[in-house]
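Colleague: 3D, please:
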Amino acid sequence: MDIPDRSDFDPDASLRGQLAEAVAHEAAFGGWSDTAMRAAARQIGAPEGEAERLFPGGPVAVLAWLSERADLRTVEAMEAAGASGLKIRERIKMAVRARIEQTVGGRESVRRGLATLALPSNAALGLKLLYRTVDAIWYAAGDTSTDFNFYTKRATLAGVYSSTLFYWLNDRSEGSEATWGFLDRRIENVMRFEKWKAGLGSWRGPKGWAARGPSSRHR
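Modeller: Predicted coordinates:
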């Protein structure tokens with residue numbers, strides 16, 4: 001997992017973080033653009049050309065950096081909370097909520113960021129960042145699977161996380177309580193489906209049904 005905001009790995013971490021957060025706030029008004037980067041650089045008093053040096057990939061690079069930092073902080077928050085003692089569904093709920101609460105710039109900035117990542121030129125990066133996020137959430141939840149379940153868990157969680165994030169974008173309830181209720185329901189639905197799927201896998205029908213084969217059943 002990348003560690004984009006620790007000073008022992010990045011001597012520019014503090015300035016990079018200030019600039020990235022300033023860009024996120026500016027993006028709420030004018031989108032994730034070069035204009036937002038220039039305005040953010042002026043806001044924090046960065047020298048001319050500093051924004052380009054810190055993020056040579058432009059606004060999209062800022063988006064990616066902030067996403068990776070939020071993933072890391074989610075893992076750290078889960079570890080600090082001692083989440084390993086909770087049931088798995090509670091760990092997932094806590095991690096998804098923590099990840100959404102790690103976003104910066106407000107809902108409009110996030111909305112515009114998602115629109116930027118949805119552009120054809122950025123779609124691959126958007127999918128990469130989504131995978132990193134759900135991978136970080138499962139890591140924070142203590143997942144150690146290495147078989148096919150490793151991928152199915154992440155695909156399922158991508159749907160839960162994405163739908164919850166989109167719900168949150170339009171949530172005006174106090175403390176985003178409606179979003180966390182939606183998250184509870186989504187996870188409960190997933191858990192019910194997994195139980196149903198497990199039961200279906202163990203079901204063999206009436207005695208002799210599977211052994212007879214389809215041709216004998218239709219004679």
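Colleague: from here on, contacts and neighbour counts on C-alpha atoms
Modeller: Will do.
Colleague: tell me the SS of Gly57?
Modeller: Per DSSP: H, G, I helix; E, B strand; the rest coil, the local secondary structure of Gly57 is coil.
Colleague: in this protein, what secondary structure element scores lowest on mean pLDDT?
Modeller: For the chain, the helix or strand with the lowest mean confidence is helix 209-217, at a mean of 42 (criterion: mean pLDDT, DSSP states H and E).
Colleague: hang on, Gly142 packs against Gly82?
Modeller: No - using CA atoms under 8 Å, Gly142 is not in contact with Gly82; the gap is 11.1 Å.
Colleague: Which of those two has more residues huddled nearby?
Modeller: Comparing Gly142 with Gly82 by neighbour count (other CA atoms under 10 Å), the higher total belongs to Gly142, at 16 against 10.
Colleague: residues contacting the more buried one?
Modeller: Neighbouring residues of Gly142 by CA atoms under 8 Å, 6 or more residues apart in numbering: Ser84.
Colleague: Point out where the chain drops to low pLDDT.
Modeller: 1-8, 193-219 (pLDDT under 70).
Colleague: how about a cut-off of 80?
Modeller: Counting by pLDDT under 80, the chain has low-confidence residues at 1-10, 144-148, 191-219.
Colleague: Show the residue spans covered by the helices in it.
Modeller: Secondary structure of the chain (DSSP state H): helices at 13-30, 34-43, 50-54, 59-81, 88-101, 107-117, 123-140, 149-169, 177-202, 209-217.
Colleague: could you redo those helices as CSV and give each row mean neighbour count?
Modeller: Output for those, formatted as CSV (neighbours: other CA atoms under 10 Å):
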stretch, mean neighbour count
helix 13-30, 20
helix 34-43, 19
helix 50-54, 17
helix 59-81, 20
helix 88-101, 20
helix 107-117, 19
helix 123-140, 20
helix 149-169, 17
helix 177-202, 14
helix 209-217, 10
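Colleague: and Asn122, how far is that from Pro47?
Modeller: 28 Å (CA to CA, to the nearest Å).
Colleague: out of those two, which sits in the more crowded spot?
Modeller: Asn122 (14 against 9).
Colleague: Tell me which residue is most central in this protein.
Modeller: Thr133 (3.7 Å; CA atoms, centre = their mean).
Colleague: tell me the contacts of that one?
Modeller: With the criterion set at CA under 8 Å, 6+ apart, Thr133 makes contact with Ser67, Glu68, Asp71.
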